[in-house]
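Visitor: predicted structure and sequence below. I'll ask about it afterward.
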Amino acid sequence: MPPFYGSDNVVYADGIGQIMTAATEKRHIKGKRRQKLWALSRKKPHGQIKRCNLGTKNQNKSQTKVRALIRTKIRTGVHQIFQTHKQIVCEDLSQPIRNKRKSKKINRRLAAWCKGELRAAIEQVSQRRQSVVTLINPAYTSQVDSRNGTLLGRRDGDRFFTFDGEVLQADRNASINIEHRLSDLEISRYQKAAD
């Protein structure tokens, strides 16, 4: 999960992506090693491997710490956003993206993504601060060139390559497109991308 980018070129919750990636990779490596121990414990059923090496107490403790750290980062970033803005515009990401097959590594990282935590933080903080949250249709917001509104560019990771050779920061480009989508009367929130 990248940090939040505002259309005013301000970065919120910086460093959250590195925390989540490190935690996901650590959990993945540990899971592979635990699987080998499970296989050994089936071959040698005297119980010592299972009793001494396959408990979940330390694993649960470290996952709780990571979740708390991510939650704190998200809440801090959302509070910073609402300190400067009374209205924010967000993509409505409640629907899954269909026909998109991803590698196991990407799926693993996306499964750890705290979309629900981010949504809950935005709802709760906006209610406390009496601010307005507007959800828009997310179709093509990260693929459109924010300078001229065309689909001629290409996104690659955190960079957006325009048709005329300029390289933009991809999340900032998308945040500007999201802001423009608020005033776009032709694209409604629930309109499908094919329409």
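Guide: Structure received.
Visitor: which is the next helix or strand following the worst-scoring helix or strand of the chain on mean pLDDT?
Guide: When each helix and strand of the chain is scored by mean pLDDT, DSSP states H and E, helix 104-111 comes last, with a mean of 66. Proceeding N to C from helix 104-111, the next assigned helix or strand is helix 115-129, under DSSP states H and E.
Visitor: buried sites along that following helix?
Guide: Buried residues in helix 115-129, defined by neighbour count with 16 or more other CB atoms under 10 Å: 117, 118, 119, 121, 122, 125, 126. C-betas here are computed from N, CA, C, even on glycine.
Visitor: neighbours of residue 48, how many?
Guide: 10 (other CB atoms under 10 Å).
Visitor: before we move on, back to that, how about the buried residues of helix 115-129 in a markdown table, adding distance to residue 34 and pLDDT?
Guide: Shown next, in a markdown table, are the buried residues of helix 115-129 (distance: CB to CB, whole Å; pLDDT from 0 to 100):
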| residue | distance to residue 34 | pLDDT |
| --- | --- | --- |
| 117 | 26 | 81 |
| 118 | 30 | 82 |
| 119 | 32 | 84 |
| 121 | 32 | 88 |
| 122 | 36 | 87 |
| 125 | 38 | 90 |
| 126 | 41 | 90 |
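Visitor: out of those residues, what pair is the most spread apart?
Guide: Within the buried residues of helix 115-129, two members stand farthest from each other by CB to CB: 117 and 126, at 14.8 Å.
Visitor: sweet, I'm off.
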